[in-house]
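**Q** what follows is a protein structure lacking sequence information:
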């Protein structure tokens, strides 16, 4: 993990927030995942649409319910940059688990989290998750990449 | 455009930077595009790999050379959040143009730019560009979406 920050306390707070958030994803805890989201969070998700605004507890619950048991959710190459009240983090996520139909999944994707501190609390104001796609004319999402 | 900032001057600087940067893309000016990039910029690009570090002038020149004439590069729903020395921006981009082989392209994608001010100059420390993909089993990149 690399931290670029003139405010080391903020970077430590953000590292802890991301660890709690990732742990909530692993245990499919909708409330825990959304606990750090701003009310007007703008999300660029893995799935369409292009963008959405506001926490989507129903959508997250529906997605969690497509998986058996807990999720693998490893965070790699985390980099945190924190100012006084504005911060951004980016990392690679390895998501793994077994779908309800028995299909095993293991995919790496990219994540950017942008945060704002309001009333002393860091809130995720923007989340961007993606995989790239192959520019060979196939337009296939590159869900088979590893770092 | 929405600006969430306790530092209005910073938001204005960033808005101007993004406009210069977009204009450089439109005119396929490699130097202009990379003028605002940090030396250790971490890029999550539309195309593989998952991540790369450092400005890639050669890759950008090669990509520009696949297009005839200037590019359409509209920025929509820009939102700028600026602290003292850390900022993030997200927006939707409409990229259009004609490839060397005559194929016309017109695609919307998502962008997040994360910036750091060093020595009084804002630098793009992280850039994340993507389209979502269809979760219908096809794994097709969703290059046909509109906001």
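**A** Cool, the structure landed. What you see is a predicted model; the values in this text were computed from it and never measured. Residues are numbered from 1 along each chain as shown, chains lettered A, B, ... in the order given.
**Q** skipping its backbone neighbours, what lies nearest residue A:90 in space?
**A** Of all residues not flanking residue A:90 in the chain, residue A:112 sits nearest, at 4.6 Å (CB to CB, 6 or more residues apart in numbering or on different chains). Glycine gets a C-beta too; all of them are placed from N, C-alpha and C.
**Q** hang on, residue A:32 packs against residue A:21?
**A** Yes: counting by CB atoms under 8 Å, residue A:32 does reach residue A:21; the two are 7.4 Å apart.
**Q** of the two, who's got more company?
**A** Per other CB atoms under 10 Å in any protein chain shown, whichever of residue A:32 and residue A:21 has more neighbours is residue A:21, with 20 against 16.
**Q** centre of the chain to the helix or strand hosting that one, how far?
**A** Per DSSP states H and E, residue A:21 falls inside helix A:8-26. Remark: helix A:8-26 is offset 11 Å from the chain centroid, using CA atoms, centre = their mean, to the nearest Å.
**Q** and the helix or strand that it is followed by, average pLDDT?
**A** As assigned by DSSP H and E, the chain's next helix or strand after helix A:8-26 is helix A:30-34. In this model, helix A:30-34 has a mean pLDDT of 97.
**Q** list the contacts of helix A:30-34.
**A** Residues outside helix A:30-34 that contact it (CB atoms under 8 Å, 6 or more residues apart in numbering or on different chains) are A:20-21, A:23-25, A:55, A:57, A:60-61, A:64.
**Q** which of these are buried?
**A** Neighbour counting with 16 or more other CB atoms under 10 Å in any protein chain shown marks A:21, A:24-25, A:55, A:60 as buried within the contacts of helix A:30-34.
**Q** the closest residue in space to residue A:25 that isn't next to it in sequence is in what secondary structure piece?
**A** Using CB to CB, 6+ apart and skipping the chain neighbours, the partner closest in space to residue A:25 is residue A:73 (4.7 Å). Element membership for residue A:73 (DSSP H and E) is strand A:67-82.
**Q** what angle sits between that strand and helix A:8-26?
**A** 170 degrees (axes from the mean of the first three to the mean of the last three CA atoms, to 10 degrees).
**Q** strand partners (parallel or antiparallel) of strand A:67-82?
**A** strand A:2-5 (parallel), strand A:86-99 (antiparallel) (DSSP bridges).
**Q** quick one: classify residue A:144 as helix, strand or coil.
**A** With DSSP: H, G, I helix; E, B strand; the rest coil as the basis, the three-state label of residue A:144 is coil.
**Q** can you pull the pLDDT of it?
**A** 96.
**Q** ok, it - contacts?
**A** By CB under 8 Å, 6+ apart, the contact list for residue A:144 reads residue A:107.
**Q** now it, what are its backbone angles?
**A** Dihedral angles of residue A:144 (phi, psi; degrees, to the nearest 10) stand at phi -110, psi 20.
**Q** sorry, back to before: the residue nearest to residue A:90 is in contact with residue B:112, isn't it?
**A** Yes: using CB under 8 Å, residue A:112 is in contact with residue B:112, at 5.1 Å.
**Q** so which helix or strand takes in residue A:138?
**A** Using DSSP H and E, residue A:138 sits in no helix or strand.
**Q** wait, I meant residue A:136
**A** Using DSSP H and E, no helix or strand contains residue A:136.
**Q** that one and residue A:37: what is the separation?
**A** 36 Å (CB to CB, to the nearest Å).
**Q** again with residue A:61
**A** In terms of CB to CB, residue A:61 sits 14 Å off from residue A:37.
**Q** give me the most central residue, chain A.
**A** residue A:111 (5.5 Å; CA atoms, centre = their mean).
**Q** so how far is the host helix or strand of that residue off the chain centroid?
**A** For residue A:111, the host element (DSSP H and E) is strand A:104-118. Put simply, strand A:104-118 sits 2 Å off its chain's centre (CA atoms, centre = their mean).
**Q** residues of whichever helix or strand comes after that strand that come out buried?
**A** Next in sequence after strand A:104-118, counting helices and strands by DSSP H and E, comes strand A:121-130. Neighbour counts over strand A:121-130 (16+ other CB under 10 Å) mark A:122-130 as buried.
**Q** so what does strand A:121-130 touch, helix or strand wise?
**A** Packed against strand A:121-130, as judged by 3 or more CB pairs under 8 Å, 6 or more residues apart in numbering or on different chains; DSSP states H and E, are the following elements: helix A:8-26, strand A:37-44, strand A:104-118, strand B:67-82, strand B:86-99, strand B:104-118, strand B:121-130.
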